[in-house]
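# need coordinates for the following:
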Amino acid sequence: MSARLVGRLTRVAGAVVEAALEAPVALGEVALVGEARLLGEILALDGAKAVAQVYEETAGLGPGEPLLATGAPLEVELGPGLLGNVFDGIQRPLGRLADTLGDFLSPGARAPALDRRRQWPFAPRARIGDELAPGEVLGAVQETGALEHRILVPPRLRGRVSWMAPKGSLRVTDAAARLRTLDGRELEVPLFQTWRVRSPRPFAELLPAAVPMITGQRVLDTFFPLPLGGSAGLPGGFGTGKTVLQQQLCKWADADVIVYVGCGERGNEMTSMLRELPGLFDPRTGRSLLERTVLIANTSNMPVSARESSVYTGVTIAEHYRDMGYRVALLADSISRWAEALREISGRMGEVPAEEGYPPSLSSRLAAFYERAGRVRTLGGREGSVTIISAISPPGGDLTEPVTRYTQSFVRTFWALDRELASARFFPAIGVAGSYGEVPAALEEFWEREAGPGWAELRRRALALLGEARRLSATARLIGTESLPERQRFVLAAASLLEDGFLQQSSLDPREARESPARQLALLKLLLAFAERGARAIDRGVSERAAIELPLVDKLRRARVDAEGEAALEALAREIDHAFDALEAQLKEAA
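Numbering: from 1, shown residues only. All right, here's what the predicted structure looks like:
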């Protein structure tokens with residue numbers, strides 16, 4: 001990386017340094033700081049003074065050391081070799097660096113993100129003479145057994161193919177083709193390209209939210225569906241299951257590529273994930289889940305400035321695979337730690353703090369991040385999407401703190417984790433009262449078509465039942481459950497059955513780890529049938545105790561696991577009618 005001397009350091013404050021300039025430098029330019037050439041970025045300019053953030057540990061750095069500028073902004077490399085690898089927030093390949101330097105990186109350690117020596121099996125898709133526009137396919141590489149990596153014409157480049165690489169082995173730096181542009185220049189297009197991490201990649205058209213990202217988790221898909229290309233907030237206090245749920249989504253969500261950003265989380269969690277991922281069976285491909293996953297690891301013991309850039313690195317990689325026509329899920333764990341990095345950098349720069357010490361730009365920075373989600377028509381005419389799911393770690397579980405509150409302003413799906421449910425070992429611990437999901441008409445039509453007619457009405461009735469049970473529970477805490485009328489006691493019991501039999505879901509049981517939309521609807525219809533048929537029976541004089549002590553109730557509670565196939569659920573539905581018909585008949589005989 002070529003660089004020129006532009007100044008000398010005058011002040012070092014953790015990850016932020018100041019320098020007296022001796023030559024011009026640009027805002028956002030990548031800098032090399034100190035004798036160790038630590039990687040950094042110019043954050044602010046004030047006359048002949050520059051402020052830079054350093055992406056590495058600054059221990060031992062002092063005034064008088066050189067500041068060099070590279071003339072380029074912070075960029076990432078996009079090409080074959082991303083899947084199955086682990087990078088830090090500035091896209092250093094941690095696996096390859098560990099092989100050469102050991103477990104701890106020395107100051108200034110770096111290597112190209114994509115392996116320059118590895119050869120890839122290239123298959124051309126374009127021909128000499130073809131007129132190609134940005135985003136069109138030049139060729140393809142089988143990146144892993146699970147996914148093909150399409151080599152695209154870079155944005156802002158168009159021309160006629162004057163030479164095409166034959167089928168065979170190529171390195172990422174080798175030319176896949178040469179294009180003759182309109183002004184007569186001959187430009188080589190290698191297997192990889194670079195892109196500025198803070199600039200969204202362009203697309204042709206933003207498409208409406210008409211298709212859900214099926215997660216296989218009943219409480220999410222049925223009650224709070226997330227559209228492909230949408231964004232969701234996942235807030236919860238310590239121990240509520242944020243990381244576990246995100247790892248569950250990695251395995252079961254309806255996505256072709258997973259980009260997982262471990263942003264400021266504990267190192268042992270990332271280590272555990274790195275050890276488990278290669279052995280996880282991918283139900284979509286029958287291969288290792290790691291073969292369609294990119295990991296960005298910036299744990300809590302790594303420099304905060306690299307943590308700040310990690311989400312941009314992750315979303316830029318996600319956009320790259322989106323441009324190939326894939327559905328990409330970006331999981332950030334957690335966006336709160338990213339905001340804390342912003343707060344620390346802002347404080348060291350001497351900026352006036354806003355709410356709870358966060359910088360005044362927090363809201364706009366969050367908005368810009370979530371806006372990079374979307375389902376789009378790419379420049380090459382394909383359909384692709386980036387769906388963002390960000391975990392939030394509010395201090396003390398306080399959902400009114402700024403990061404959570406701003407996130408609610410920018411996302412249309414909110415999955416709030418409940419500490420009481422988690423403490424009761426109820427997973428996923430999604431609190432229905434604090435969660436929401438906007439369901440556009442087009443998304444509703446999808447569910448009605450794919451899951452079955454009546455989805456919207458069943459969803460409305462189930463949420464109404466759970467809402468009524470919450471209000472009755474508040475009353476019962478004051479006067480006692482036995483003081484409630486029988487019908488209200490039955491509502492509480494029916495809502496509890498709905499929670500146990502539908503909202504709770506085991507990630508370890510292969511019979512219910514992932515539920516199809518049709519089965520989700522059938523199971524919900526069954527449990528609502530019990531609640532509504534039982535309520536009518538109680539209105540006719542059947543006792544609440546007789547209704548909830550039916551042997552059928554235990555079958556319904558276990559139906560999510562035991563009832564295999566549509567016929568088993570239909571048999572249970574008939575059993576509901578027979579059981580309450582028998583109770584009503586007994587009541588008439590007694591009268």
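
# centre of the chain to the worst-scoring helix or strand of the chain on mean pLDDT, how far?
The weakest-scoring helix or strand in the chain, judged by mean pLDDT, DSSP states H and E, is helix 267-276 (a mean of 75). Relative to the centre of its chain, helix 267-276 is centred 17 Å away, using Cα atoms, centre = their mean, to the nearest Å.

# that's a helix at residue 285, yeah?
No - using DSSP: H, G, I helix; E, B strand; the rest coil, the secondary structure at residue 285 is coil, not a helix.

# need the contact list for residue 227.
Listed by Cβ atoms under 8 Å, 6 or more residues apart in numbering, the contact set of residue 227 reads 209, 210, 211, 212, 213, 375, 387, 412, 413, 440, 443. In this view, the C-beta of every residue, glycine as well, is placed from N, C-alpha and C.

# which elements pack onto the least confident helix or strand of the chain?
With contacts defined as 3 or more Cβ pairs under 8 Å, 6 or more residues apart in numbering; DSSP states H and E, helix 267-276 has these neighbours: strand 257-263, strand 293-298.

# OK, contacts around residue 401?
356, 394, 395.

# any chance of those residues in TSV, with neighbour count, pLDDT and distance to residue 587 too?
TSV is the format used below for the contacts of residue 401 (neighbours: other Cβ atoms under 10 Å; pLDDT from 0 to 100; distance: Cβ to Cβ, whole Å):
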residue	neighbour count	pLDDT	distance to residue 587
356	12	91	60
394	20	91	51
395	13	87	55
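
# nearest to residue 293 among these?
residue 394 (27.2 Å; Cβ to Cβ).

# any idea how far the closest one lies from residue 418?
The gap separating residue 394 from residue 418 is 13 Å, by Cβ to Cβ, to the nearest Å.

# what residues are shared contacts of those two?
residue 236.

# where does residue 151 sit: helix, strand or coil?
strand.

# wait, doesn't it sit right on residue 142?
No - if you go by Cβ atoms under 8 Å, residue 151 and residue 142 don't touch, sitting 11.9 Å apart.

# ok, these two, which is more surrounded?
More crowded of residue 151 and residue 142, by other Cβ atoms under 10 Å: residue 151, with 28 against 14.

# what does the model give that one for pLDDT?
For residue 151, the model assigns a pLDDT of 97.

# also the one 4 residues further on?
Among the per-residue scores, residue 155 shows a pLDDT of 94.

# alpha carbons of the least confident helix or strand of the chain, as CSV, please.
C-alpha atoms of helix 267-276 as CSV (Å, rounded to 0.1, in the frame of the first residue of the first chain):
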residue,chain,number,x,y,z
GLY,A,267,-14.8,-13.4,22.6
ASN,A,268,-16.0,-16.7,24.0
GLU,A,269,-19.3,-16.4,22.1
MET,A,270,-17.5,-15.8,18.8
THR,A,271,-15.1,-18.7,19.6
SER,A,272,-18.0,-21.0,20.3
MET,A,273,-19.6,-20.0,17.0
LEU,A,274,-16.4,-20.5,15.0
ARG,A,275,-16.0,-24.0,16.5
GLU,A,276,-19.7,-25.0,15.9
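
# so where's the stretch 451-591 of the chain uncertain?
Low-confidence segments of the stretch 451-591 of the chain, defined by pLDDT under 70: 591.

# quick one on the thing from earlier: PyMOL command to pick out the buried ones of the contacts of residue 227?
Buried residues within the contacts of residue 227, by 16 or more other Cβ atoms under 10 Å, are selected in PyMOL with:
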select buried, resi 209+210+211+212+213+375+387+412+413+443
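
# so which of the contacts of residue 227 sits lowest on pLDDT?
Among those, residue 440 carries the weakest pLDDT, at 86.

# any idea how far that one lies from residue 230?
For residue 440, the distance to residue 230 - Cβ to Cβ - is 10 Å.

# same thing with residue 382?
Taking Cβ to Cβ, one finds residue 382 at 19 Å from residue 230.

# those two: who's more crowded?
Neighbours were counted for residue 382 and for residue 230 using other Cβ under 10 Å; residue 230 has more, 26 against 20.

# the more buried one contacts residue 413, correct?
Yes - the criterion here is Cβ under 8 Å, and residue 230 meets it with residue 413 at 5.9 Å.

# can you give me how far the host helix or strand of residue 462 is from the chain middle?
Assigned by DSSP states H and E, residue 462 belongs to helix 455-479. Using Cα atoms, centre = their mean, the mean C-alpha position of helix 455-479 is found 30 Å from that of the whole chain.

# packing partners of that helix?
Using 3+ Cβ pairs under 8 Å, 6+ apart: helix 455-479 touches helix 441-450, helix 486-498, helix 517-539.

# what residues does whatever helix or strand comes next after the last one touch?
Just to be clear, that refers to helix 517-539. Once the chain leaves helix 517-539, the next helix or strand it forms, by DSSP H and E, is helix 544-548. Here helix 544-548 makes contact (Cβ under 8 Å, 6+ apart) with 486, 487, 489, 490, 493, 534, 537, 538, 580, 583.

# write the ChimeraX selection for whichever of those residues are buried.
Applying 16+ other Cβ under 10 Å to the contacts of helix 544-548 leaves a buried subset, and the ChimeraX line that selects it is:
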select :486,489,490,493,534,537,538,580,583
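
# from the contacts of helix 544-548, pick the one nearest residue 119.
residue 493 (64.5 Å).

# next one: the helix or strand hosting residue 588 to chain centre, how far?
Element membership for residue 588 (DSSP H and E) is helix 566-590. Its chain's C-alpha centre and that of helix 566-590 lie 44 Å apart, by Cα atoms, centre = their mean.

# what packs against that helix?
Using 3+ Cβ pairs under 8 Å, 6+ apart: helix 566-590 touches helix 517-539, helix 544-548, helix 552-562.

# burial-wise, tell me which of those comes out on top.
Greatest average neighbour count among the helices and strands packed on helix 566-590 goes to helix 517-539 (a mean of 20), per mean count of other Cβ atoms under 10 Å.

# between helix 441-450 and that one, find me the angle.
Angle between the axes of helix 517-539 and helix 441-450 is 90 degrees (criterion: axes from the mean of the first three to the mean of the last three Cα atoms, to 10 degrees).

# next, the angle helix 455-479 makes with helix 517-539.
50 degrees.

# returning to that earlier point: closest to residue 304 out of the helices and strands packed on helix 455-479?
helix 441-450 (38.1 Å).

# quick revisit: I'd like the helices and strands packed on helix 455-479 as JSON lines, with distance to residue 262 appended.
Below are the helices and strands packed on helix 455-479 laid out as JSON lines (distance: least, Cβ to Cβ, whole Å):
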{"stretch": "helix 441-450", "distance to residue 262": "30"}
{"stretch": "helix 486-498", "distance to residue 262": "35"}
{"stretch": "helix 517-539", "distance to residue 262": "30"}
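
# burial of residue 70, as a residue count?
For residue 70, using other Cβ under 10 Å, the count is 15.
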